[in-house]
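Enquirer: Predicted structure and sequence below. I'll ask about it afterward.
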Amino acid sequence: MLIIETLPLLRQHIRRLRQEGKRIALVPTMGNLHDGHMKLVDEAKARADVVVVSIFVNPMQFDRADDLARYPRTLQEDCEKLKKHQVDFVFSPAPNDVYPKGTEETTFVDVPGISTMLEGASRPGHFRGVSTIVSKLFNLVQPDIACFGEKDFQQLALIRKMVADMGYDIDIVGVPIVRAKDGLALSSRNGYLTPDQRKIAPGLYKVMSAMVEKLQQKALSSEEIIAIAEQELNEKGFRADDIQIRDADTLLELSATSKRAVILVAAWLGQARLIDNTVVELAQ
Ligand SMILES: Nc1ncnc2c1ncn2[C@@H]1O[C@H](COP(=O)(O)OP(=O)(O)OP(=O)(O)O)[C@@H](O)[C@H]1O
Ligand SMILES: CC(C)(CO)[C@@H](O)C(=O)[O-]
Ligand code: BAL
């Protein structure tokens, strides 16, 4: 496994791989890798000749300086895990090389609509940062496929629209959420939880699962289901942030023609803002 830190060296290897006709998969990450990331890596491995994992804590997608400063950086442990999964290349560039002019003055990619709704409204500028860095990674790595987790449901929708709108010839693979045995979706930010908070954390999945049942029973309106969920979360010790039931295909409000709903939950637990989601097929 080769760890590459500079853009010219990465370009050199990509040029060679393309000349050799290799099929390249990209797995973009911010590091502090867990089994969720490894599932992305394994999917990539199964679909390509060469796997490139990028590890870059992208300053442009953080709307809060404290969130960026404390984001866990564990490059050595990450590389050991990736080596065990037979990854070929780790790309771990320095922020100054990715953004030589800083993040304010640089050219950006913005996906209208999706980038300002839901998580985009809670985290202003976040999705502009995501679409810009992913676009830059696509240009550098020139992958045939790229894997993203369904845990970041809106991010996956954003990337799919960017790829369609910009005409990238890249197959986007969505990978189902990997959970701990107690239901908690794996996430780097789970590391911010104290042992007591970690015991409360699966409550987010439980409340979300109860929302699924209520939605399928059709006895309550979406507003009523959301209000109950907020109350349940707050009673468990969370601070409910944003709870939504949307059309899974458009991310807009549910309508009579919606085929699938997505329940999106975001709640604070101590220092961690946890997110989760689940898709519900709607009987017509
Ligand atoms: N539990 C999971 N199951 C499946 N995919 C995941 C999971 N957690 C993260 N991913 C995916 O891994 C990729 C990199 O995510 P990232 O490095 O931000 O990790 P994270 O654990 O989501 O961290 P964060 O705390 O920032 O949310 C994204 O495509 C993300 O959706
Ligand atoms: C896709 C991504 C690596 C871009 O920085 C990030 O948003 C993430 O980890 O999901
Ligand atoms: N996995 C999403 C990246 C972020 O929270 O910034």
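Expert: Good, I have the coordinates. Since this is a predicted model, take the numbers as computed values, not measurements. Ligands and ions are numbered 1, 2, ... in the order given.
Enquirer: Please tell me how far the residue nearest to Y99 when sequence neighbours are not counted sits from T132.
Expert: Using CB to CB, 6 or more residues apart in numbering and skipping the chain neighbours, the partner closest in space to Y99 is T106 (5.5 Å). C-beta coordinates here come from the backbone N, C-alpha and C atoms, glycine included. The gap separating T106 from T132 is 8 Å, by CB to CB, to the nearest Å.
Enquirer: Next: I243.
Expert: In terms of CB to CB, I243 sits 28 Å off from T132.
Enquirer: quick one, helices of this protein?
Expert: Secondary structure of the chain (DSSP state H): helices at 7-19, 35-47, 65-70, 75-84, 95-98, 119-122, 126-141, 153-166, 195-200, 203-217, 222-236.
Enquirer: Which of these sits closest to V178?
Expert: Among those, helix 35-47 comes nearest to V178, with 4.0 Å by CB to CB.
Enquirer: Can the closest one be said to contact ligand 1?
Expert: Yes - for helix 35-47, a contact with ligand 1 is found by CB under 6 Å from any ligand atom, at G36, H37, K39, L40.
Enquirer: What of stretch 266-280?
Expert: No - Stretch 266-280 is not in contact with ligand 1 by CB under 6 Å from any ligand atom; minimum separation 7.0 Å.
Enquirer: what's in contact with that stretch?
Expert: Stretch 266-280 has contacts (CB atoms under 8 Å, 6 or more residues apart in numbering) with 119, 122, 150-153, 177, 184-185, 187, 189-190, 192-194, 197, 200-201, 204-205, 208-209, 212, 215-216, 233, 237-243, 248, 260-265.
Enquirer: Can I get that stretch in CSV, CA atoms only?
Expert: What follows is stretch 266-280, C-alpha atoms only, in CSV (Å, rounded to 0.1, in the frame of the first residue of the first chain):
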residue,chain,number,x,y,z
ALA,A,266,-30.2,14.6,13.9
ALA,A,267,-29.8,15.0,17.6
TRP,A,268,-27.2,16.3,20.0
LEU,A,269,-25.9,14.0,22.7
GLY,A,270,-23.3,15.9,24.8
GLN,A,271,-20.6,17.1,22.4
ALA,A,272,-21.7,14.9,19.5
ARG,A,273,-24.3,15.7,16.8
LEU,A,274,-25.5,12.2,15.8
ILE,A,275,-27.3,11.6,12.5
ASP,A,276,-29.2,8.6,11.2
ASN,A,277,-31.8,7.8,8.5
THR,A,278,-34.0,5.0,7.1
VAL,A,279,-36.0,4.6,4.0
VAL,A,280,-39.6,3.4,4.2
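Enquirer: now it: mean pLDDT?
Expert: Across stretch 266-280, pLDDT averages out at 98.
Enquirer: Stretch 193-200 too?
Expert: Average pLDDT, stretch 193-200: 98.
Enquirer: List the contacts of that stretch.
Expert: Stretch 193-200 has contacts (CB under 8 Å, 6+ apart) with L184, N190, A201, K236, G237, F238, L269, G270, Q271, A272.
Enquirer: for stretch 201-218, same thing?
Expert: Residues outside stretch 201-218 that contact it (CB under 8 Å, 6+ apart): 179-180, 182-185, 190, 193, 220, 222, 225-226, 228-229, 232-233, 236-238, 243, 245, 261, 263, 265, 267, 269, 274, 276-278, 280.
Enquirer: Show me which residues of this protein sit near ligand 2.
Expert: Residues of the chain found near ligand 2 (CB under 6 Å from any ligand atom) are P28, T29, M30, N58, Q61, V130, I133, V134, D152, Q155.
Enquirer: of those, list those near ligand 1.
Expert: Residues of the residues of the chain next to ligand 2 in contact with ligand 1 (CB under 6 Å from any ligand atom): T29, M30, D152.
Enquirer: Could you point out which of the residues you listed is nearest to I172?
Expert: If you rank these by distance to I172 using CB to CB, D152 comes first, at 12.6 Å.
Enquirer: In contact with the closest one, which residues?
Expert: Contacts here follow CB under 8 Å, 6+ apart; on that basis D152 touches I275.
Enquirer: For it, what are phi and psi?
Expert: Backbone torsions for D152, taken as degrees, to the nearest 10, come to phi -100, psi 70.
Enquirer: Mark which of the contacts of stretch 193-200 are part of strands, please.
Expert: Among the contacts of stretch 193-200, the residues falling in strands (DSSP state E) are L269, A272.
Enquirer: Are any of the contacts of stretch 193-200 buried, and if so which?
Expert: Buried by 16 or more other CB atoms under 10 Å: L184, N190, A201, K236, F238, L269, G270, A272, out of these.
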